[in-house]
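**Student:** Quick one: sequence and predicted model below, then my questions.
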Protein chains: 2
Amino acid sequence: MGREASAHRIDRDIETLAGPDYTVSDEAIRRYAYTDAYRNTLAYFTRELEELGFEVEQDPVGTLVARNRPKGEPVFGIGSHCDSNRNGGKYDGTMGVVTALEVCRLNAERGLDLPLQLISFLEEEGSGFGQMLLGSRIIAQRVTEEDLRERFLAIDDGRSFWEHAADAGYAPDRWQECAHVLDDLTGWIEMHIEQARVLQDTGNRIGLVTAIAGYVHADVIVHGRGDHAGATPMDFRLDPTLTLADTIVALEGMARAVGQGTVGTVGEIEVDPGLINAIAARVRFSLDIRGPVEDAYKGVAREIAAFAEKAADARGMSAEYRERQSIPPTPMDDRIVAALEAATKATGEPYMRMHSGAAHDTMCVADRIPTAMVFVPCVEGISHHPAEDADPADAALAAGIILDAIQTLT
Amino acid sequence: MGREASAHRIDRDIETLAGPDYTVSDEAIRRYAYTDAYRNTLAYFTRELEELGFEVEQDPVGTLVARNRPKGEPVFGIGSHCDSNRNGGKYDGTMGVVTALEVCRLNAERGLDLPLQLISFLEEEGSGFGQMLLGSRIIAQRVTEEDLRERFLAIDDGRSFWEHAADAGYAPDRWQECAHVLDDLTGWIEMHIEQARVLQDTGNRIGLVTAIAGYVHADVIVHGRGDHAGATPMDFRLDPTLTLADTIVALEGMARAVGQGTVGTVGEIEVDPGLINAIAARVRFSLDIRGPVEDAYKGVAREIAAFAEKAADARGMSAEYRERQSIPPTPMDDRIVAALEAATKATGEPYMRMHSGAAHDTMCVADRIPTAMVFVPCVEGISHHPAEDADPADAALAAGIILDAIQTLT
């Protein structure tokens, strides 16, 4: 099967790209657009792919595109991103590109000559300009010229994306041409570490993604009354932390009740004034409500908004629900998922169908192209952290599965 | 009755001491030890009291002591503090000293010649050195020389209390002599604004304090597991915000159930990492549990510590309870409270017996002397804020009551 050789090559790629030339920090993998570390990473993939006979180029803002057919001929897309979180690990994104590279190697080694296009997207993590999925959103034309020229500013120096891209030798004024990256694709498969613990805890080596969750991000602000914690009897209080507590408990219940992969999280809590001896005047807390089934998670969002208002009112206070952002779910393509499932079954390795709770570049590709994703386990679900860990053997397994699936699809 | 004249004088004192010579800030009353604003305030009281024939001095660190009898003769003590919170109002503390001054005036005006000693304590609010009740704790010898020399550092410049006191012309090396301030007292009454809304909301003009609450300050730390909020299904979570929520709700129930003036508050909540899309790894929250009945509030503290540990455990997590500080309640003297109650009844004005949830210098006086406190309403319970407001007419009422009570007590 050669899977051991694959694992060895994947491991070598990953470890090479964790070296000092490929990260801005020596305490974490920190790699983002237009840094030398990022440029070196693209150069590494370029060399490896050119050795396989691929023609490698970059789109007008720096997304890497490599193909083994001339432009205009249909190709099947594979890849991920090779930028990292600022406090990142070796695997998030990069292992997906490395695995796509391994698919290209196996394609050559086995003499299959399947038509392939590898993409390594720019700025998935937003470490450069605070904008997640930036490269794939540019390709999907989900940004405006004003965003690129004025709104998206570098975290490091506050200068615009536009200036940085131009200084790095790219042509941001041709950003609309980035859409052509997807022109010849007949399908798309991205491999990624799971970033959660489901595969590990269920003992599965492969996750076949059937949908990427949509989500609602919102805040609830509860207006109570700031009073002296010692001097104010229980009956004289309007304490907004009680509505916070009621809502946290209710959200868990609602998410579980509606099921269908729906999750709800209170991740930020801000207490004003936040002193041990003061009853809070005001509490703000965030809501992250997601799932692959829009009716289900949006129902929870509506229900919890109404609940918080009612719960505050029942205690003589008021609560406001403010939506920050809402993104619909992205269903994966049944035919590609089925091909992946058949290929996975053939290996006899344990796998599961699942949805992705995290966002991925594939969401933007799915606007135009039939897509799917393959997850591999990561240890303890840790990602976006130097402690991130994953097994190259799982990635090698995924590479074989992806190649087999593409073979049946093209 | 002359109560209108009293209110007028009290109002004049309060407004004078809210002038630019008496505060470090022009946005709030900000007055603390060894500033010109503080020195001017002591000078104001000194002049007013010397006019009444009082002998005025300051103890070795700057507590103002004024008496109308020679040292060694028994006197009845009245007063409060005239330093303020850094973002303070005109009334907290200062109105108590002003009212004590008015008691001295009435004593002269009515030709009663009761033996009185007025005290204005140093640094009740801790605005200078971050140490609450500092002057009265020095008098009660509840500090060490090391505290004064090395540990208590100025918020403004980090230099020690010792250095600041010496630079201001005081004799911190004689701090142990401060204990003599209380030597001749036969009793002590402090008037203070309530700092809560009970008097206002119940329509009472006078609160007769029967005890100052003791308290437990503690933290609970819940150890969960930080995971991706989107990618981690509900059944795979160890979310410490749920234990936070359970504990907030339980604390309210316990405080109400045990009654007897017990209150419980979660005022600080710290979520780590505190991101909208991350399940918290760890939550810390503070507990402020108080009451006039030690068994009652300490029972709640023990119960909630056990509850939090159990609640965390029930969800597969762990919780630690860490006590920061515990101070016992201070009962007031029955005889003085009874004298105040008789004097209040004679006025026909609405009053109530109550406890103080906030700490006061009287806690330190009570170590050696029979004490009581009188509260007057403050608007909306607001204190420690420029919006602090109280009615000089209520203070005038309190001055008359205190004088009448002292007359029956001496």
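**Tutor:** Looks like it came in fine.
**Student:** Just to confirm, which residue in chain A is farthest away from the center?
**Tutor:** The outermost residue of chain A, judged against the average C-alpha position, is A:Ala231 (49.0 Å), by C-alpha atoms, centre = their mean.
**Student:** element containing that residue?
**Tutor:** Using DSSP states H and E, A:Ala231 maps to neither a helix nor a strand.
**Student:** buried stuff in the top helix by length along chain A?
**Tutor:** Using DSSP state H to define each element, chain A has its longest helix at helix A:294-314. The neighbour-count check on helix A:294-314 (16 or more other C-beta atoms under 10 Å in any protein chain shown) flags A:294, A:296-301, A:303-305, A:307-309, A:311-312 as buried. Every residue, glycine included, has its C-beta placed from N, CA and C.
**Student:** which of the residues you listed are close to chain B?
**Tutor:** Checked against chain B using C-beta under 8 Å from any C-beta of the partner chain, the buried residues of helix A:294-314 give no members in range.
**Student:** before we move on, the earlier item: pLDDT on the helix or strand just after the longest helix of chain A, on average?
**Tutor:** Next helix or strand after helix A:294-314 toward the C-terminus (DSSP H and E): strand A:318-327. Taken as a whole, strand A:318-327 has a mean pLDDT of 94.
**Student:** which secondary structure elements does strand A:318-327 contact?
**Tutor:** Packing partners of strand A:318-327 (3 or more C-beta pairs under 8 Å, 6 or more residues apart in numbering or on different chains; DSSP states H and E): strand A:214-223, helix A:294-314.
**Student:** try it again with 10 Å
**Tutor:** In this structure, strand A:318-327 packs against strand A:214-223, helix A:240-258, strand A:282-291, helix A:294-314, with contacts taken as 3 or more C-beta pairs under 10 Å, 6 or more residues apart in numbering or on different chains; DSSP states H and E.
**Student:** Format those as TSV; extra columns: mean pLDDT.
**Tutor:** Output for the helices and strands packed on strand A:318-327, formatted as TSV (pLDDT from 0 to 100):
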stretch	mean pLDDT
strand A:214-223	96
helix A:240-258	98
strand A:282-291	97
helix A:294-314	98
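**Student:** Run through the residues of the stretch 51-200 of chain A sitting next to chain B.
**Tutor:** A:Glu194, A:Gln195, A:Ala196, A:Arg197, A:Val198, A:Gln200 (C-beta under 10 Å from any C-beta of the partner chain).
**Student:** In helices only, show me these.
**Tutor:** Counting by DSSP H, those contribute A:Val198, A:Gln200 to helices.
**Student:** Identify the farthest-apart pair in the residues of the stretch 51-200 of chain A next to chain B.
**Tutor:** A:Gln195 and A:Gln200 (11.3 Å; C-beta to C-beta).
**Student:** which of these two has more neighbours?
**Tutor:** A:Gln195 (24 against 17; other C-beta atoms under 10 Å in any protein chain shown).
**Student:** Can you name the residues that contact the more buried one?
**Tutor:** Taking C-beta atoms under 10 Å, 6 or more residues apart in numbering or on different chains, we find A:Gln195 in contact with A:91-92, A:356-358, A:360, A:375, A:378, A:381-384, A:388, B:227-228, B:230-232.
**Student:** what sits in contact with each of A:Gln195 and A:Gln200?
**Tutor:** By C-beta under 10 Å, 6+ apart, the residues touching both A:Gln195 and A:Gln200 are A:Cys378, A:Gly381.
**Student:** for stretch A:288-295, how far is the first residue from the last?
**Tutor:** With C-alpha to C-alpha, to the nearest Å as the measure, stretch A:288-295 spans 15 Å from end to end.
**Student:** Now A:Asp184: closest residue in space, sequence neighbours ignored.
**Tutor:** Closest residue to A:Asp184 apart from its sequence neighbours, by C-beta to C-beta, 6 or more residues apart in numbering or on different chains: A:Val75 at 5.2 Å.
**Student:** Same check on A:Ala393?
**Tutor:** Per C-beta to C-beta, 6+ apart, closest to A:Ala393 is A:Ala7, 4.5 Å.
**Student:** I'd say the one you found and A:Met95 touch.
**Tutor:** No: A:Ala7 lies out of contact with A:Met95 (C-beta atoms under 10 Å); the separation is 11.7 Å.
**Student:** more crowded one of those two?
**Tutor:** Using other C-beta under 10 Å as the criterion, A:Ala7 and A:Met95 rank with A:Met95 on top: 29 against 19.
**Student:** helices or strands up against the helix or strand encompassing that one?
**Tutor:** Using DSSP H and E, A:Met95 maps to helix A:94-109. Here helix A:94-109 touches helix A:3-16, helix A:36-51, strand A:64-67, strand A:75-81, strand A:116-121, strand A:185-193, strand A:371-376, helix A:392-409, going by 3+ C-beta pairs under 10 Å, 6+ apart.
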